[in-house]
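K.L.:
Whatever this is, show me its structure:
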Amino acid sequence: MSRRISSWSVNALMALIALAFVAPVVWSMMSAFKTQSDIRLHPWAWPTRPEWSNFVEAWQGSMGLYLLNSLIVTVIAVAIILVLSAPAAYAFARLRFPGSAVLLGFILSGLLIPVHAV
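P.N.:
Numbers count the residues shown, from 1 in each chain. Model (predicted):
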């Protein structure tokens with residue numbers, strides 16, 4: 001009996017955590033199709049009439065520039081990562097040098113900690 005209660009409580013906790021992650025995404029998607037006044041008056045209600053003009057206004061503004069900026073930063077970052085990590089991966093896989101295990105441990109522990117947490 002206690003195993004069932006424990007399993008139920010774990011599932012309920014995971015459902016609450018999932019809801020905490022999904023709710024902002026759902027709210028953002030619903031708000032994208034609302035007018036400003038609808039968002040203020042009824043933040044969690046479904047849009048009564050989809051407002052496609054919000055997307056037109058976003059693209060007429062600076063959205064294209066923001067997208068291009070993100071694309072440029074991403075391409076440059078991926079290129080740098082590939083240029084630096086491919087030879088390092090080869091060295092760790094094929095060569096044995098003093099301190100390689102410690103250095104590999106530092107690199108792997110750095111992958112476990114998100115950059116935004118530092």
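
K.L.:
From here on, just use CA atoms for contacts and neighbour counts.
P.N.:
Will do.

K.L.:
Would you check how far apart L68 and E51 are?
P.N.:
For L68, the distance to E51 equals 25 Å [Cα to Cα, to the nearest Å].

K.L.:
for L103, same thing?
P.N.:
Taking Cα to Cα, one finds L103 at 54 Å from E51.

K.L.:
got the CA positions of the helix or strand harbouring F106 in CSV?
P.N.:
Assigned by DSSP states H and E, F106 falls within helix 100-112. Extracted in CSV, the C-alpha atoms of helix 100-112 (Å, rounded to 0.1, in the frame of the first residue of the first chain):
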residue,chain,number,x,y,z
SER,A,100,45.0,13.5,-19.5
ALA,A,101,42.5,11.9,-17.1
VAL,A,102,42.4,14.9,-14.9
LEU,A,103,42.0,17.3,-17.8
LEU,A,104,39.3,15.1,-19.3
GLY,A,105,37.6,15.1,-15.9
PHE,A,106,37.6,18.9,-15.9
ILE,A,107,36.2,19.1,-19.4
LEU,A,108,33.4,16.6,-18.6
SER,A,109,32.5,18.4,-15.3
GLY,A,110,32.3,21.6,-17.2
LEU,A,111,29.8,20.0,-19.5
LEU,A,112,27.6,19.1,-16.6
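
K.L.:
Looking at stretch 82-102 now, give me its mean pLDDT.
P.N.:
Stretch 82-102 shows a mean pLDDT of 90.

K.L.:
how far is it from where the chain is centred?
P.N.:
Relative to the centre of its chain, stretch 82-102 is centred 29 Å away, using Cα atoms, centre = their mean, to the nearest Å.

K.L.:
which outside residues touch that stretch?
P.N.:
For stretch 82-102, contacts defined as Cα atoms under 8 Å, 6 or more residues apart in numbering pick out L104.

K.L.:
let's see 10 Å
P.N.:
With contact meaning Cα atoms under 10 Å, 6 or more residues apart in numbering, stretch 82-102 is reached by 76-79, 103-108.
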